[in-house]
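Undergrad: just coords:
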């Protein structure tokens, strides 16, 4: 900068001095993040329904973690052998209703402990919900940011892929994919992720499109910031609440879809989920035999977890979109 | 105010920026089949000027005349369609990555809307420090503090952790100015720097900008539609109309003695705070012309109160010194005689040669009408 020789600059003495005292950047960043998070947390827990939903999700999480300690029997272990070599349709009635069976919710027609299945089913539901949500939000946000920021041909190409995915109906496509790949929990999660990132990508792209024309992005460009700097420092923090929102809705959708796929018999036979429980109870006509304790508990659990997910999403929506308040 | 040294920091040479009218991919596919040319908006269409060290230049004109696009091209927010910008005698279109990086360090911009130009999720400290991080400059904290203090945000530490939404419009614009100054740039483009602020805050920000020009020895390009502001801030003025400069010269000269009919109309439109001052009104008829289908000849011809016939209709008036205005301002108008001996009538069609001679006589008498 030749200019400094001729005209004054308020920075000249700083340039000559050694390294001055710098603010510790990590401590500062950590503190700012903490402040933002606690502010969001405060807004989120302001509402009773959101607070209850969070308690509910936390409860299911605790249950999933301590599952081996609160169940007596493994979920896929037969509790009795039939005397004859033929399988007898027989189930123990729940001890909760006063029956003298020793099983809290009784057993299934195959002789599995229903309570144990219900508890272990929590693991599958949370696994599917959380993994699908993280990847849905992650992939959708990345694709949306890249498409929105670069625009032009990259945007066109990515959005045509999204259009193609939008043309595929959710449940039938997951069913076909799982039928092709083989019924396992991971294949269900994979199929869900492939289909779910489309809506996140669309919304994030539209946000990125409008953000990249904002003057603060132009100012960063004038300062010489590169593409990655602008995407990570200016676009991403501003779309993050939207990604969280879509992520929390994705939890609910993923659990619901997994239950649906399992219910029609494409669930993983080696893991227990609430969907496979419902499918087994239907296969053995539990409804006709009046064994409602077999299918009502998993149904209630699915309902509670999905509703909790949606309510948390709604609560978060009010933070991202103040007009709803 | 004006400096005597005449080394030019920025030389803008016939800058053009045309934006393609986006009609969707089906239309562009059809165009590639039929061979039609796509439509272009001629936002900036041949602008040339020099910016000297320490000089302040004002770009004025009504909205849509291309002044903001020109300003954005100056800091390389737009790639020019044609023409070039020379920074310290280097062509920017041929500059290496290194030179572009140096240019980025020395060219900054202040935006119109302080509510939009600061990232709502960054603190004041991070906003001002960002250019330093991009260019990997040491002594971040000391520089940020100095820049904020210069922008009269004191004590600076008090503002470090504040978010833009916690600040007033004037404070925000000061943060934006601090961000522009923190790299110690050579020149700044200020796009309507106070038009979004409350009138009560304008004077403060303007005096800050004034101080900034003096103490940093900065060259500044002010973009505004407000001629009284430009008169206060600028050494030289350039008046733009439909992507072209129509008149250019020292500020006082242009304000006191405007020659181009458009400049006259523009200056006439500035209200005078004295009800007794009578003035001759030059009111413009009609609207700004079509920037997609640019008219032939002079772009101002449809609204010009001094239209003199075919030559206006067919020959584009070049921006040049005129022999019969006497002053050192450049004017793009056929009403005046070129100082360099350029004859617009020679460019008229051969069949009209006779008319042209006749019209030539008329044009010589035209300045006398003023």
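TA: Thanks, I have the structure now. What you see is a predicted model, and the numbers here were worked out from it, not measured in a lab. Numbers count the residues shown, from 1 in each chain, chains lettered A, B, ... in the order given.
Undergrad: ends of stretch A:210-226, how far apart?
TA: Distance across stretch A:210-226, first residue to last, is 18 Å (Cα to Cα, to the nearest Å).
Undergrad: from the chain's centroid, how far away is the helix or strand harbouring residue A:282?
TA: In this assignment (DSSP states H and E), residue A:282 forms part of helix A:274-283. Distance of helix A:274-283 from its chain centroid, counting by Cα atoms, centre = their mean, to the nearest Å, is 23 Å.
Undergrad: what average pLDDT does it get?
TA: Helix A:274-283 carries an average pLDDT of 85.
Undergrad: pull out the buried residues from that helix.
TA: For helix A:274-283, a neighbour-count test (16 or more other Cβ atoms under 10 Å in any protein chain shown) marks A:274, A:275, A:276, A:277, A:278, A:279, A:280, A:281 as buried. Every residue, glycine included, has its C-beta placed from N, CA and C.
Undergrad: for chain B, what spans make up the strands?
TA: B:8-20, B:40-52, B:56-60, B:82-87, B:90-91, B:107-110, B:187-191, B:219-224, B:236-241, B:244-250, B:320-321, B:330-331 (DSSP state E).
Undergrad: save these as CSV, and put in mean pLDDT too.
TA: Shown next, in CSV, are the strands of chain B (pLDDT from 0 to 100):
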stretch, mean pLDDT
strand B:8-20, 86
strand B:40-52, 86
strand B:56-60, 90
strand B:82-87, 86
strand B:90-91, 84
strand B:107-110, 90
strand B:187-191, 90
strand B:219-224, 90
strand B:236-241, 90
strand B:244-250, 88
strand B:320-321, 80
strand B:330-331, 85
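Undergrad: report the residue spans of chain A with pLDDT below the cut-off.
TA: Within chain A, the segments meeting pLDDT under 70 span A:1-10, A:12-24, A:79-103, A:320-325.
Undergrad: again, but for chain B
TA: Applying pLDDT under 70 to chain B flags residues B:1-6, B:277-283, B:326-327, B:347-370.
Undergrad: compute the number of surrounding residues for the residue of it found nearest chain A.
TA: Residue of chain B nearest chain A, by Cβ to the nearest Cβ: residue B:217 (2.9 Å). Here the number of neighbours of residue B:217 (other Cβ atoms under 10 Å in any protein chain shown) works out to 16.
Undergrad: kindly report the same for residue B:275.
TA: 6.
Undergrad: kindly report the same for residue A:115.
TA: Using other Cβ under 10 Å, residue A:115 has 23 other residues around it.
Undergrad: that one sits in which helix or strand?
TA: helix A:114-150.
Undergrad: how about the residues of the stretch 101-250 of chain A near chain B?
TA: By Cβ under 8 Å from any Cβ of the partner chain, the residues of the stretch 101-250 of chain A that approach chain B are A:156, A:214-216, A:218-226, A:229, A:233-234, A:237-238.
Undergrad: derive a ChimeraX selection command for the buried subset of the residues you listed.
TA: If you want just the buried ones from those in ChimeraX, going by 16+ other Cβ under 10 Å, the selection is:
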select /A:214,215,216,218,219,220,221,222,223,224,225,229,233,234,238
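Undergrad: re earlier: and the next element down the chain from the helix holding residue A:115?
TA: The helix or strand immediately downstream of helix A:114-150 is helix A:152-166, counting by DSSP H and E.
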